[in-house]
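Student: here's my sequence, what's the structure:
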Amino acid sequence: MADVRLLSDRFPRASRYHPDWVIASVGGGANSLWLTEWLCEALDLRPGMRVLDLGCGHGASSVFLRREFGVQVWAVDLWQGATQAIRIAKWRRLAPAVSARGLLRPAVAVSSDATLAAADSAASGAGGGDVVVLDIYGRPAAIIDQQAAASVPRQRVELVPASAVANPVPAEAVIGLDLVGERLIETLESAPHARYVVLDDAGRVAGILAWEDVAAAVGVR
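Tutor: Next up, the predicted model:
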């Protein structure tokens, strides 16, 4: 079941970003991506241009500008003052210890033709956790939506494909298990999603990494 909390026909670009990430990035109460997309309608932004994002807050607008328009962004925020300085100092102190491996949530993988019953069985056999549906080439394609799966009548779980109750996983939301510290955080910020599928060195699903777990580990609220 798709998350529609911040979907808006008025702001199609901003609607592509997961609401959990947008909400976690809010610093002043407003949806900074909506404001940025609205402002950009009056600007002729082209790849390679340099943009100064004054009052960037937690930087969501800066990420948006870079991803959507290919511009070079200088992100500056002054209003948070000492509080922001303390947060950045804490981030720098804690970031090196953060790793994808250390924050991994359990997950199992099932084939593209697996039924919901098979997915439930696989998760139960592994002691619980998320279920990643692979495509026909064995690559992560989707993560089962637990709420959507729970709404399927029990007499139909043998018939319903697991993929029918799963949310697609974009290619940039698949990351490696070896990511650590600032490299991990920079990777996530360059492709903001609420959850990422983590693969081991052999390309197998190792688990799920949630942005909220990373943010909590480095003291970002």
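Student: could you pull out the strands for this protein?
Tutor: 50-54, 72-76, 107-110, 130-134, 140-144, 166-168, 174-176, 195-199, 205-210 (DSSP state E).
Student: adding mean pLDDT, mean neighbour count and distance to F64, write those strands out as TSV.
Tutor: Yep, even glycine has a C-beta here, placed from its N, CA and C like the rest. TSV is the format used below for the strands of the chain (pLDDT from 0 to 100; neighbours: other CB atoms under 10 Å; distance: least, CB to CB, whole Å):
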stretch	mean pLDDT	mean neighbour count	distance to F64
strand 50-54	90	14	9
strand 72-76	86	15	9
strand 107-110	96	21	29
strand 130-134	96	24	27
strand 140-144	95	21	24
strand 166-168	91	17	21
strand 174-176	96	17	20
strand 195-199	95	24	19
strand 205-210	96	21	21
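Student: export the ones you listed to TSV and tack on distance to A216?
Tutor: Compiled in TSV, those are given as follows (distance: least, CB to CB, whole Å):
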stretch	distance to A216
strand 50-54	25
strand 72-76	22
strand 107-110	19
strand 130-134	18
strand 140-144	20
strand 166-168	22
strand 174-176	18
strand 195-199	14
strand 205-210	9
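Student: and of these, who's closest to T36?
Tutor: Closest approach to T36 among the strands of the chain (CB to CB): strand 50-54, 8.5 Å.
Student: elements contacting that closest one?
Tutor: helix 60-69, strand 72-76 (3 or more CB pairs under 8 Å, 6 or more residues apart in numbering; DSSP states H and E).
Student: got a markdown table for those, with distance to W211 too?
Tutor: Supplementary listing: those in a markdown table, determined by distance: least, CB to CB, whole Å:
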| stretch | distance to W211 |
| --- | --- |
| helix 60-69 | 12 |
| strand 72-76 | 19 |
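Student: relative to T115, which of those is closest?
Tutor: Closest to T115 of these is helix 60-69 (CB to CB; 36.2 Å).
Student: okay, the angle between the closest one and strand 50-54?
Tutor: Angle, helix 60-69 to strand 50-54, by axes from the mean of the first three to the mean of the last three CA atoms, to 10 degrees: 160 degrees.
Student: contacts for helix 60-69 next, please.
Tutor: Under the criterion CB atoms under 8 Å, 6 or more residues apart in numbering, residues 13-14, 17, 21-22, 25-26, 32-33, 35-37, 40, 45-47, 49, 51, 53, 56, 71-73, 75, 189-192 lie in contact with helix 60-69.
Student: give me the subset of the residues you listed lying in helices.
Tutor: W21, V22, S25, S32, L33, L35, T36, E37, C40, E189, S190 (DSSP state H).
Student: appreciated, that's everything.
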